[in-house]
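A.B. asks: everything below, folded, please.
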Amino acid sequence: MYEKFYGLRKKAFSILPDPDFLYFSRHHRLAYGMLEYGLAQQSGFVLITGEIGTGKTTLVRYLIGHLTARVTIGLIVNTHRRFGTVLDWVVGAFSIDHAAGDQVGLYRALSRFLNKESQRNRRALLIVDEAQNLSSDALEELRTLSNLNASEQLLQIVLVGQPGLRDTLRQPDMHQFAQRVVVDYHLDPLTKEETKAYVVHRLRMAGGKQPQLFEPMAVERIYHASQGVPRLINVLCELALVYGYAAHQSSIDAELVEKLIQDRSRGVLPIASHERTVAS
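C.D. replies: Okay, the predicted model is just below:
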């Protein structure tokens, strides 16, 4: 709707995880470096956490797009217990052919698959997104699967989730699992300066030629309202462009941002309320 008006080829602030739009803040760069290190060292478990909307899934999608072709990826994005056991998810994630049967049959099918991948000089990488939904029992199931690595590293596992995942892993009965986490990084929100660079980066990636489309005070107001959380920055910037288009404004100023924040305060996810909660 507003793209042509502002000289953009596509939406600059979609909330869908798009690795092409990934902005490497200091923390995102460190998190990605830790992921690369963990994979290079063939670490058993790699843990990446962060608050909702900080860009964890986008970072993982970027990683998947830049892995060598000799890595076989299994991706689990829905960890609800209703969908079966962890072993069911893992076998499905790797698209392993198996006869319907019991857990022993599934375990053997996975073991055969991993050994065949190793013989072909390939590595198997399991990525579990939204892993904070895993119970202690489910995490223990994952730990037992890592026992397949007894003689050689057949399976690497990356867990990506919200801070609650850390709370689970700190429980006394998870001590054995925690000892196997070699790489561990928490992704923080953007700083004020990173937020300014983030907005410019997203506009540039969308084809924008106007670096000051968002005036400095407008971006500062967006930063304080979002507390540097990329998803909330996207929500506010997207709305700002819609408001600006409707008002035929050539640039987004602080007054317009303040107006949309006030309007948003009556919405399902009030930004103003979020701002007060984070700041407290």
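A.B. asks: the closest residue to V182 other than its chain neighbours: what secondary structure?
C.D. replies: Excluding the flanking residues, the one nearest V182 by CB to CB, 6 or more residues apart in numbering is S43, at 3.6 Å. Using the backbone N, CA and C atoms, a C-beta is placed for each residue, glycine as well. Here S43 is coil, with the state taken from DSSP: H, G, I helix; E, B strand; the rest coil.
A.B. asks: any idea how far S43 is from D137?
C.D. replies: Distance of S43 to D137, computed by CB to CB, to the nearest Å: 23 Å.
A.B. asks: re earlier: report the contact partners of the residue nearest to V182.
C.D. replies: Contacts here follow CB atoms under 8 Å, 6 or more residues apart in numbering; on that basis S43 touches Y37, Q156, V182, V183.
A.B. asks: where in this protein is pLDDT low?
C.D. replies: The model of the chain has pLDDT under 70 over residues 80-84, 99-101, 150, 267-280.
A.B. asks: pop the domain breakdown of it in here.
C.D. replies: Structural domains of the chain, as assigned by automatic domain parsing, span the residue ranges 26-187, 191-279.
A.B. asks: can you give me the strands for this structure?
C.D. replies: For the chain, the strands defined by DSSP state E occupy 45-50, 71-76, 123-128, 155-161, 181-187.
A.B. asks: and V104, which of those is closest to it?
C.D. replies: strand 155-161 (17.9 Å; CB to CB).
A.B. asks: just give the strands next to the closest one in its sheet, each with its orientation.
C.D. replies: Strand pairing for strand 155-161, determined by DSSP bridges: strand 45-50 (parallel), strand 123-128 (parallel).
A.B. asks: among those, which is the most enclosed?
C.D. replies: Most buried of the strands paired with strand 155-161, by mean neighbour count (mean count of other CB atoms under 10 Å): strand 45-50, with a mean of 24.
A.B. asks: chain center to that one: distance?
C.D. replies: 10 Å (CA atoms, centre = their mean, to the nearest Å).
A.B. asks: likewise for stretch 27-39?
C.D. replies: 13 Å.
A.B. asks: and S135, how far is that from F45?
C.D. replies: 17 Å.
A.B. asks: helices of the stretch 101-250 of the chain, start to end?
C.D. replies: 103-119, 136-145, 164-169, 175-179, 192-205, 216-226, 230-246 (DSSP state H, counting those that start in this stretch).
A.B. asks: now the third one - C-alpha only, CSV.
C.D. replies: What that stands for is helix 164-169. Provided in CSV are the C-alpha atoms of helix 164-169 (Å, rounded to 0.1, in the frame of the first residue of the first chain):
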residue,chain,number,x,y,z
GLY,A,164,12.1,-19.9,30.5
LEU,A,165,14.2,-22.6,28.8
ARG,A,166,17.2,-21.5,31.0
ASP,A,167,15.0,-21.7,34.1
THR,A,168,14.2,-25.3,33.2
LEU,A,169,17.8,-26.2,32.6
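A.B. asks: give the buried residues for it.
C.D. replies: Using 16 or more other CB atoms under 10 Å as the test for burial, helix 164-169 gives L165, R166, T168, L169.
A.B. asks: and which of these is nearest L30?
C.D. replies: Using CB to CB, these come closest to L30 at R166, 16.9 Å.
A.B. asks: tell me which residues touch the residue nearest to Y62 when sequence neighbours are not counted, please.
C.D. replies: Counting by CB to CB, 6+ apart, Y62 lies nearest to P19, which is 3.8 Å off, once chain neighbours are set aside. Neighbouring residues of P19 by CB under 8 Å, 6+ apart: T58, R61, Y62, I64, G65.
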